[in-house]
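Asker: I need the structure of the sequence given here:
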Amino acid sequence: MRWNEERIKRELFKEVFKGDNGKDILTFLSKDYHVYKTSQTPDPYISAFQEGQRSVVLKIMEYVQTDLETIRRRHDFQEQERLKRRQ
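Answerer: Purely as a prediction, here's the structure:
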């Protein structure tokens, strides 16, 4: 029963994030919610909150079977395109 629920959850996440829009959202989430670095602030509550945000995005990435390097390359590409548009 539990295994079936987990399979369904993974399939739903894959369906939502499989297209370009889903990949873009995951890229934005990874950038905005501290995926590329751990959060260290003087306030332990802020650090814990930011680590919680990070762990949610990492869990989504696990569900959709993608990795940080793939998302980082997509982010870098988006940044390059944004800079080209500004010129």
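Asker: and the gap between the residue positioned nearest the centre of the chain and Ser47?
Answerer: Centre of the chain computed as the mean C-alpha position; nearest residue by Cα atoms, centre = their mean is Ser30, 3.7 Å away. When distance is defined by Cβ to Cβ, to the nearest Å, Ser30 is 18 Å away from Ser47. In short, each C-beta sits where N, CA and C put it, glycine included.
Asker: before we move on, what about His34?
Answerer: His34 is 10 Å from Ser47, by Cβ to Cβ.
Asker: Next: Asn4.
Answerer: Asn4 is 36 Å from Ser47, by Cβ to Cβ.
Asker: Helix or strand: which one has the closest residue to the residue nearest to the centre of the chain other than its chain neighbours?
Answerer: Nearest residue to Ser30, sequence neighbours excluded (Cβ to Cβ, 6 or more residues apart in numbering): Ile71, at 4.9 Å. According to DSSP states H and E, Ile71 maps onto helix 68-86.
Asker: helices and strands around that helix, which ones?
Answerer: helix 20-32 (3 or more Cβ pairs under 8 Å, 6 or more residues apart in numbering; DSSP states H and E).
Asker: Could I get the buried residue list for the helix it packs on?
Answerer: Buried residues in helix 20-32, counted by 16 or more other Cβ atoms under 10 Å: Gly22, Lys23, Leu26, Thr27, Leu29, Ser30, Lys31.
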